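Engineer: from the sequence below, what's the structure:
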Amino acid sequence: MDDLTKIKGVGGVTLEKLETNGLNSFMAIATSSPTEISTICGLSENKARAIIKACREQVSLGFETARSYATKRDKVNKIGTGCSDFDAVLNGGFESSTVTEVYGRTAAGKCVEKNTKIFIDGELIPIKDLWNDTTKKKFDDGEICNCSSNVISWSDVNNKFEKETATSLYREKVKTIYKIETEKGRILKLTGNHKLPTFDCGIDWKKTSQFNTGDFIRIPKMNYTESNKLDRTDAYFIGLFVAEGTGNPVSISNENPKTIEFIKNYIKINDNYEPTIRKDKRNNVKVVLIRNKTRDRILKDLANTNSATKFIPTEIMLASESIKLSFMEGYLDGDGYSNKTNKMSMCTKSKRLSIQLNYILNMLQLETTTKIKTVKDYGDFYNISIVGNGNNEKISTSIKKCNNAKCSVYGYPNTILKYLRRQLNRLSKNDKRGIKTFFKTSAYNYITNKYDLIRIYQLIVVYLHSK
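Structural biologist: Below you'll find the model as predicted:
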């Protein structure tokens with residue numbers, strides 16, 4: 001490791017920031033960009049350039065002729081890996097006289113506790129349920145088995161969720177499982193090597209073992225979606241059925257005249273018949289009987305469920321935010337109520353449904369808590385409450401998004417806002433004008449409409465690199 005304090009402008013604080021980010025040699029800094037050094041150390045770009053220039057004077061980057069390089073290449077041999085398919089990708093294997101690093105991009109491999117639920121093919125299931133004993137074999141310090149499930153993962157490169165096919169599943173025993181609990185009550189159980197997205201003088205991924213109390217974890221504000229034929233009225237109707245429907249006979253019960261009128265008109269418009277409506281034994285409750293035409297078109301397997309087996313269809317789980325909102329509006333109009341603390345709540349006997357409801361509400365940036373109540377002769381019931389500021393009144397036909405009181409109006413902690421302001425203030429007037437022009441429909445709109453500030457930061461970096 002080189003003595004970086006020899007470089008003018010590199011003091012104790014700057015040195016610590018460089019080493020923390022793996023820049024502990026003249027060569028590492030000499031081959032970095034001014035923007036990268038500026039972001040890591042919190043320096044102006046002019047100072048960053050001066051540090052890079054000084055480091056380049058300490059090392060010999062060197063040049064050689066193409067003829068000399070070609071002669072060296074003639075002596076390179078290929079070393080097979082033992083896997084013919086992998087050798088084909090590498091055009092024969094690893095090259096001799098070369099250091100080759102093999103890695104998986106962020107989210108290519110995860111190290112989570114076996115009961116962690118993951119989103120697979122539109123369903124939330126414990127990762128341990130994917131294990132296949134029939135194909136397992138020894139691998140490194142653990143075991144590996146075949147897998148062919150579609151996994152949703154976040155891509156920092158494309159700034160969105162993407163669907164990937166998982167080909168293998170690896171497991172091993174570890175001495176320590178880390179438990180991370182957020183101030184909103186979310187719990188993550190991970191191995192020390194598992195990386196999480198964070199914000200520490202810039203956007204970065206950090207190992208779980210390196211986290212400290214008070215560190216931030218980045219959570220994307222967008223969801224993975226797939227297009228389907230459902231519209232908002234379809235989603236609302238499905239929400240009502242999941243809340244108040246039954247499969248024997250296939251019907252929906254409700255006491256609100258407006259809701260009954262909606263169900264009747266929805267069926268009449270979409271399925272060309274007027275459903276039979278009968279009065280229930282309960283006061284003011286009416287039952288709308290649903291025929292096979294509606295069942296086959298929209299309800300499908302839902303029509304065979306009861307209170308303990310209810311679920312949310314995959315089309316809803318993978319739908320856009322507006323479709324999810326409409327589904328929740330229907331569900332809350334059927335099964336929502338205001339509890340003793342004036343929080344919007346819902347109750348279900350289906351464990352699968354309770355997990356899915358929590359997931360959808362979290363995707364809509366609503367925080368939830370779940371309490372299990374055991375009733376003699378009836379089993380467990382799952383009470384889900386929407387918590388946080390802004391939910392002090394009953395939510396009926398609309399869902400209000402909660403903001404953390406400790407956050408700014410942008411939805412980010414003030415620590416992050418201060419950092420971004422410092423970065424923006426360091427830009428010259430020409431750079432600010434260039435960003436406004438270059439990203440007329442993206443970054444500028446983010447700034448003026450108070451949208452995702454992390455995205456602004458990313459766009460600024462892209463802009464400065466493009467100059």
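
Engineer: beta partners of V287?
Structural biologist: Judged by DSSP bridges, the bridge partners of V287 are S253, R278.

Engineer: ok, it - contacts?
Structural biologist: For V287, the contacting residues are 251-253, 277-280, by Cβ atoms under 8 Å, 6 or more residues apart in numbering. All C-beta atoms are positioned from the backbone trio N, CA, C, and that covers glycine.

Engineer: next, format these as TSV and append distance to E113.
Structural biologist: Shown next, in TSV, are those (distance: Cβ to Cβ, whole Å):
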residue	distance to E113
S251	42
I252	39
S253	40
I277	49
R278	50
K279	51
D280	45
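
Engineer: and those residues, which two are the farthest apart?
Structural biologist: Of all pairs drawn from the contacts of V287, the greatest distance, 14.0 Å, lies between I252 and K279 (Cβ to Cβ).

Engineer: please identify which of the contacts of V287 is nearest to F211.
Structural biologist: I252 (46.9 Å).

Engineer: and that closest one, how far is that from S354?
Structural biologist: Distance from I252 to S354, counting by Cβ to Cβ, to the nearest Å: 20 Å.

Engineer: repeat that for K8.
Structural biologist: 61 Å.

Engineer: and those two? Which one has more around it.
Structural biologist: S354 (22 against 10; other Cβ atoms under 10 Å).

Engineer: that older thread, any of the contacts of V287 buried? List them.
Structural biologist: Neighbour-count burial (16 or more other Cβ atoms under 10 Å) is assigned, among these, to 251-253.

Engineer: pick the one among those residues closest to V242.
Structural biologist: Closest approach to V242 among the buried ones among the contacts of V287 (Cβ to Cβ): I252, at 9.9 Å.

Engineer: residues contacting the closest one?
Structural biologist: 240-241, 244-246, 263, 287-288, 290, 334.

Engineer: what about these, which are in helices?
Structural biologist: Of the contacts of I252, the ones assigned to helices by DSSP state H are 240-241, 244, 263, 334.

Engineer: domain map for this structure?
Structural biologist: 4-58, 66-95, 117-210, 232-387, 414-466 (automatic domain parsing).

Engineer: mean confidence for the shortest one?
Structural biologist: Domain 66-95 shows a mean pLDDT of 81 in the predicted model.

Engineer: returning to that earlier point: and of the ones in helices among the contacts of I252, the nearest to T213?
Structural biologist: Closest to T213, out of all of the ones in helices among the contacts of I252 and judged by Cβ to Cβ, is G334, at 41.3 Å.

Engineer: tell me how far that closest one lies from C347.
Structural biologist: 12 Å.

Engineer: looking at the two, which is more packed in?
Structural biologist: Neighbours per residue (other Cβ under 10 Å) separate G334 from C347, with G334 holding more: 21 against 16.

Engineer: name all residues that make contact with that one.
Structural biologist: Contacts of G334 (Cβ under 8 Å, 6+ apart): 239-240, 242-244, 252, 254, 259.

Engineer: leaving out chain neighbours, which residue sits closest to it?
Structural biologist: Take G334 and drop its neighbours on the chain: the residue closest to it by Cβ to Cβ, 6 or more residues apart in numbering is A243, 2.9 Å away.

Engineer: any low-confidence regions in the chain?
Structural biologist: Applying pLDDT under 70 to the chain flags the ranges 1, 61-64, 102-110, 156-157, 184, 201-203, 220-222, 339-342, 388-467.

Engineer: residues in contact with the longest strand anywhere in it: which ones?
Structural biologist: Looking across the chain with DSSP state E, the single longest strand is strand 142-155. By Cβ under 8 Å, 6+ apart, the residues outside strand 142-155 that reach it are 107, 118-121, 130-133, 135-138, 160-173, 197, 220, 224.

Engineer: among those, which ones are in strands?
Structural biologist: 118-120, 137-138, 160-171, 197.

Engineer: of these, just the buried ones, ChimeraX syntax please.
Structural biologist: Buried residues among the ones in strands among the contacts of strand 142-155 (16+ other Cβ under 10 Å), as a ChimeraX selection:
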select :118,119,120,161,166,169,171,197
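
Engineer: what is the neighbour count of G42?
Structural biologist: For G42, the neighbour count with other Cβ under 10 Å is 16.

Engineer: phi and psi next, for it.
Structural biologist: phi 70, psi 30 (degrees, to the nearest 10).

Engineer: state the distance from it to N91.
Structural biologist: 43 Å.

Engineer: next, the buried residues of stretch 84-103.
Structural biologist: 87, 90, 93-94.

Engineer: reformat those as CSV; add secondary structure.
Structural biologist: CSV is the format used below for these (DSSP: H, G, I helix; E, B strand; the rest coil):
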residue, secondary structure
D87, helix
L90, coil
G93, coil
F94, strand
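
Engineer: CA atoms only for stretch 17-27 - export them in PDB, please.
Structural biologist: C-alpha atoms of stretch 17-27 as PDB (Å, rounded to 0.1, in the frame of the first residue of the first chain):
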ATOM      1  CA  LYS A  17     -12.400   8.100   2.700                       C
ATOM      2  CA  LEU A  18     -10.100   6.900  -0.100                       C
ATOM      3  CA  GLU A  19      -9.000   3.700   1.700                       C
ATOM      4  CA  THR A  20     -12.600   2.900   2.800                       C
ATOM      5  CA  ASN A  21     -13.500   2.900  -0.900                       C
ATOM      6  CA  GLY A  22     -10.500   0.700  -1.900                       C
ATOM      7  CA  LEU A  23      -8.400   3.500  -3.300                       C
ATOM      8  CA  ASN A  24      -5.200   2.800  -1.300                       C
ATOM      9  CA  SER A  25      -2.500   3.100  -4.000                       C
ATOM     10  CA  PHE A  26      -1.200   5.600  -6.400                       C
ATOM     11  CA  MET A  27      -2.300   3.500  -9.400                       C
END
